[in-house]
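Undergrad: Make a model of this:
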Amino acid sequence: MTKCRMKWVGWCGVLSLIIVIIFPSGLFGESASQSVKHETSFYYTVKKGDTLWDISKQFFDTPWQWPDLWQKNSQLPNPHWIYPGDRLHLYQKDGVVYVEKVEPQATPPVALVKEAHFTFTGIDQVGFIRKPSVSPHGVIFKVLDDKKMISSGDMVYIRPTNANSGLTTGALFTIYRIIDEIKDPDNGNDVIGSHHLLLGVVEITSQEDMYVIGKVVKSYRTIQIDDNLMPYIPKSSKIILSQSAQDISGSLLCTEDQNNLIGDNMVAFINKGETDGISSGQVFYVYNREVEKISPEAEQPIELAPVDIGSILIIHTEQNTSTVLVKTSDREVQPGTKFRSVLK
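TA: Numbering: from 1, shown residues only. Okay, the predicted model is just below:
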């Protein structure tokens, strides 16, 4: 046997061993599937005409993965501002690949699409604007040792507001405070609702004849005497990203902490809600639109094309308002700044 022949036989043996390891007996039998855990990562260089929508569709079999792709590439100030030569980090973590064992005429494998989501761990702390205001189930009227500031671990005395307040031992309640009435700049400055600021969570530990005692188990902000209680409803920190409602525009009302300027990662409120088609997980543009005369001789100024200056993510909805997280803000954003639907 020649050396060339021996090498060929040797490689055939190695190849046969690899086939047995990767494709065990029964691979070519009945059609079946097995899941393989994997984690992959690679870089992609943006080409002319590329969008995150198209790149997501190309590599993840769905265009709706683009918000997660944007989130993981923090060097992109705006998901719609990508340029040829930009490098994007693409990966799939803890995903599942389906290895199909296919007979002739077998059904093609179905692609497994990982749900695009954004994780916001502070979801239980964000307030809301609602009209009418929430009716309290109880009111804090005293703190043990008469402390000036109430925080986690403190024992508080609570006055029920009615006979059906539900202040039973072991029950959890959110502590909140109504801090202001908010006006709608797009509707003649009519009051759109009251700002409910969430302060913490209290657990009822014992019941007396005319009051109950509770322990503050979480404090987001300073708690005070006369702060109110409403039932605690836990929320998922996993916000499923969804397609934005079309032809929606409105205004930012204010921030959670009443800041004059609105920046990245701040919680704010908008004057659109569920009745307008808004739902959690949608993304909208924040934009600026200036007015200017086209020439010195022109009688009236005209509106110039809108310029996108940021983006917001819906994290909670009410009937006529929503709570948002400011994802990006490339320029100064203030209460009253406009937002609109993402353009297709």
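Undergrad: Verify the assumption that Tyr176 is located in a helix.
TA: No: Tyr176: not assigned to a helix; according to DSSP: H, G, I helix; E, B strand; the rest coil it is strand.
Undergrad: Wait, it touches Asp227, no?
TA: Yes: the pair Tyr176 / Asp227 is scored as a contact, 7.0 Å apart, by C-beta atoms under 8 Å. Just so you know, the C-beta spots here come from the backbone N, C-alpha and C atoms, and that holds for glycine as well.
Undergrad: Gln182 against Asp190, yeah?
TA: In this structure residue 182 is Ile, not Gln. No: counting by C-beta under 8 Å, Ile182 does not reach Asp190; the two are 10.2 Å apart.
Undergrad: out of the two, which sits in the busier spot?
TA: Ile182 (20 against 9; other C-beta atoms under 10 Å).
Undergrad: residues contacting that one?
TA: Ile129, Val191, Ile192, Gly193, Ser194, His195, Leu253, Cys254, Phe269, Thr321 (C-beta atoms under 8 Å, 6 or more residues apart in numbering).
Undergrad: which element is it on?
TA: Taking DSSP states H and E as the definition, Ile182 sits inside strand 172-184.
Undergrad: circling back: so between Tyr176 and Asp227, which is more surrounded?
TA: Comparing Tyr176 with Asp227 by other C-beta under 10 Å, the one with more neighbours is Asp227, at 24 against 21.
Undergrad: ok, now which ones touch the more buried one?
TA: Val139, Ile140, Ile175, Tyr176, Arg177, Leu199.
Undergrad: Just the pLDDT at it, thanks.
TA: pLDDT recorded at Asp227 is 98.
Undergrad: quick one: it from Gln71, how far?
TA: Look at Asp227 and Gln71: by C-beta to C-beta, to the nearest Å, they are 35 Å apart.
Undergrad: Ok, Asn228 next?
TA: On the measure of C-beta to C-beta, Asn228 and Gln71 end up 35 Å apart.
Undergrad: likewise Tyr83?
TA: Relative to Gln71, and taking C-beta to C-beta, Tyr83 is found at 19 Å.
Undergrad: quick one, which of the two is more surrounded?
TA: Gln71 (17 against 9).
Undergrad: and Pro67, helix, strand or coil?
TA: helix.
Undergrad: residue contacts, the nearest residue to it once chain neighbours are set aside?
TA: Once flanking residues are discounted, Pro67 sits nearest to Leu241: 4.5 Å by C-beta to C-beta, 6 or more residues apart in numbering. Contact analysis of Leu241 by C-beta under 8 Å, 6+ apart lists Trp64, Pro67, Asp68, Ala116, His117, Phe118, Gly281, Gln282, Val283.
Undergrad: can you pull the contacts of the third one?
TA: Put plainly, it is Asp68. Ala116, His117, Phe118, Leu241.
Undergrad: Could you work out the most separated pair of those?
TA: Ala116 and Phe118 (8.1 Å; C-beta to C-beta).
Undergrad: so what sits against both of the two?
TA: By C-beta under 8 Å, 6+ apart, the residues touching both Ala116 and Phe118 are Pro67, Asp68, Leu241.
Undergrad: and which of those residues is nearest to Asn265?
TA: Distance to Asn265 across the shared contacts of Ala116 and Phe118 (C-beta to C-beta) is lowest for Pro67, with 15.7 Å.
Undergrad: Now do that closest one: how many residues are near it, please.
TA: Neighbours of Pro67 (other C-beta under 10 Å): 23.
Undergrad: Report the buried residues of the helix or strand hosting Val216.
TA: Assigned by DSSP H and E, Val216 belongs to strand 212-219. Neighbour-count burial for strand 212-219, with 16 or more other C-beta atoms under 10 Å as criterion, is recorded at Val212, Ile213, Gly214, Lys215, Val216, Lys218, Ser219.
Undergrad: still on that earlier bit, for the shared contacts of Ala116 and Phe118, which one is nearest Gln207?
TA: Once C-beta to C-beta is applied, the member of the shared contacts of Ala116 and Phe118 that ends up nearest Gln207 is Leu241, at 43.5 Å.
Undergrad: Quick check: chain neighbours aside, which residue is closest to Asp226?
TA: Val139 (6.2 Å).
Undergrad: Arg221 contacts Tyr176, doesn't it?
TA: No: Arg221 lies out of contact with Tyr176 (C-beta under 8 Å); the separation is 10.1 Å.
Undergrad: and for those two, which residues touch both?
TA: Leu197, Leu198, Leu199.
Undergrad: So which of those wins on neighbours?
TA: Of all those, the highest neighbour tally under other C-beta under 10 Å goes to Leu199, namely 24 neighbours.
Undergrad: Which strand or helix spans that one?
TA: Leu199 belongs to strand 190-207, assigned by DSSP H and E.
Undergrad: My read is that Cys254 contacts Val267, right?
TA: No: the pair Cys254 / Val267 is not scored as a contact, 10.3 Å apart, by C-beta under 8 Å.
Undergrad: Could I get the full set of helices for this protein?
TA: 3-22, 52-60, 66-72 (DSSP state H).
Undergrad: Quick check: mean pLDDT of the second one?
TA: Summarised as a single mean, pLDDT over helix 52-60 is 77.
Undergrad: from the chain's centre, how far out does that helix sit?
TA: When C-alpha coordinates are averaged (C-alpha atoms, centre = their mean, to the nearest Å), helix 52-60 and its chain have centres 20 Å apart.
Undergrad: List the buried residues for it?
TA: Leu52, Trp53, Ile55, Ser56, Phe59, Phe60.
Undergrad: Thanks again, I'm all set now.
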